[in-house]
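Peer 1: have a look at this fold, sequence not included:
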């Protein structure tokens, strides 16, 4: 996994990823709901927010019923989706840990808090958090400053410069066990890469992960429809280009399954918008129709 995989400035910029902050905000806001209405419960998310996003969280939380009503609109489907995909991956992670997975890899870890949320179930099994050095170090600094909240974990930070570093080599340097049964999370990343980058990464995972390993990842499909709301959805997704994180590789379910199969992964579970809404969404919310999440076994 080398050059051209991510926006150039993210390799050196100290600014937090905007999309990472936005998805973390969604989890932090979800915590303000009653437990029975939550899609995901993440008590750590708000700690990772920058001051502007903390102010936004307070404003949204103060909005109460008005915000809850707006979350049911179709245009809010992407916010519901990032929660549903997180829950889907949570469910597969916990199932695999109970079934004997030996280690976890988070590709593009961002502000993922699963190492802390599932610390008891992990029971000391290593979690390799792979990310760009500036993002990884910012997260590590926040955790260190809030040690009482986060507690002890078996996290291994894997700093990588995707332009020049080998993913396999960086994992090995961090103590990754080649051939061990591994659960890999690749969340919110594929749509920003190229076909070549995705194939290269899948090939690396096939080489270093053991038989029975599971990959959980999400994909963005082509945006269909000609209603005004569809045009607004396309404009919203396209606007991330303005913050230096453009969508570059939408893929249909068939295309994604073929890419995975070509690298030895067989899809075992797939949830499109309707299925994610059925499984996880609460309070009249629904997932965006353009995105889906899957689990595939090596």
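Peer 2: Sure thing, it's come through. What you are looking at is a predicted structure, and each value in this text was computed from that prediction instead of being measured.
Peer 1: so what's residue 102 up against?
Peer 2: With contact taken as CB atoms under 8 Å, 6 or more residues apart in numbering, residue 102 is in contact with 125, 177, 180, 181, 182, 210. C-beta: built from backbone N, CA, C; applies to glycine.
Peer 1: filter the residues you listed to the buried ones?
Peer 2: By neighbour count, with 16 or more other CB atoms under 10 Å, the contacts of residue 102 hold 125, 177, 180, 181, 182 as buried.
Peer 1: closest one of those to residue 143?
Peer 2: residue 125 (18.2 Å; CB to CB).
Peer 1: looks to me like the closest one is in a helix.
Peer 2: No - counting by DSSP: H, G, I helix; E, B strand; the rest coil, residue 125 is located in no helix; its state is coil.
Peer 1: report the separation between it and residue 102.
Peer 2: Using CB to CB, to the nearest Å, we find residue 125 at a distance of 6 Å from residue 102.
Peer 1: which helix is the longest one in the chain?
Peer 2: Taking DSSP state H as the criterion, the chain has its longest helix at helix 77-98.
Peer 1: and that one, which residues are buried?
Peer 2: Quick answer for helix 77-98 (16+ other CB under 10 Å): 77-94, 96-97.
Peer 1: repeat that for stretch 251-266.
Peer 2: Using 16+ other CB under 10 Å as the test for burial, stretch 251-266 gives 251, 256, 257, 259, 260, 263, 264, 265.
Peer 1: need these in CSV with pLDDT, distance to residue 173 and secondary structure, can you?
Peer 2: Listed next are the buried residues of stretch 251-266 as CSV, based on pLDDT from 0 to 100; distance: CB to CB, whole Å; DSSP: H, G, I helix; E, B strand; the rest coil:
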residue, pLDDT, distance to residue 173, secondary structure
251, 91, 31, coil
256, 96, 30, helix
257, 98, 32, helix
259, 96, 27, helix
260, 98, 27, helix
263, 98, 23, coil
264, 98, 24, coil
265, 99, 25, coil
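Peer 1: what would those residues look like in a markdown table with distance to residue 147?
Peer 2: Listed next are these as a markdown table, based on distance: CB to CB, whole Å:
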| residue | distance to residue 147 |
| --- | --- |
| 251 | 40 |
| 256 | 39 |
| 257 | 43 |
| 259 | 40 |
| 260 | 39 |
| 263 | 39 |
| 264 | 40 |
| 265 | 37 |
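Peer 1: from those, pick the one nearest residue 280.
Peer 2: residue 256 (20.3 Å).
Peer 1: hmm, that closest one is touching residue 215, no?
Peer 2: No - the pair residue 256 / residue 215 is not scored as a contact, 11.3 Å apart, by CB atoms under 8 Å.
Peer 1: distance of residue 169 relative to residue 109?
Peer 2: Distance from residue 169 to residue 109, counting by CB to CB: 18 Å.
Peer 1: who has more neighbours, those two?
Peer 2: Neighbours per residue (other CB atoms under 10 Å) separate residue 169 from residue 109, with residue 109 holding more: 25 against 12.
Peer 1: the contacts of residue 102: which two are farthest apart?
Peer 2: 125 and 210 (13.7 Å).
Peer 1: quick one, helices of this protein?
Peer 2: Going by DSSP H, the chain shows helices at 18-30, 51-63, 65-70, 77-98, 114-117, 119-122, 133-145, 147-150, 167-173, 195-208, 228-238, 253-262, 273-279.
Peer 1: in the third one, which residues are buried?
Peer 2: Translated: helix 65-70. So for helix 65-70, nothing qualifies as buried (16+ other CB under 10 Å).
Peer 1: for the second one, same thing?
Peer 2: For helix 51-63, the buried set under the neighbour-count rule, 16+ other CB under 10 Å, comprises 53, 56, 57, 60.
Peer 1: distance check, the residue nearest the centre of the chain against residue 293.
Peer 2: Closest to where the C-alpha atoms of the chain average out (CA atoms, centre = their mean) is residue 187, at 2.7 Å. Applying CB to CB, the value for residue 187 to residue 293 is 8 Å.
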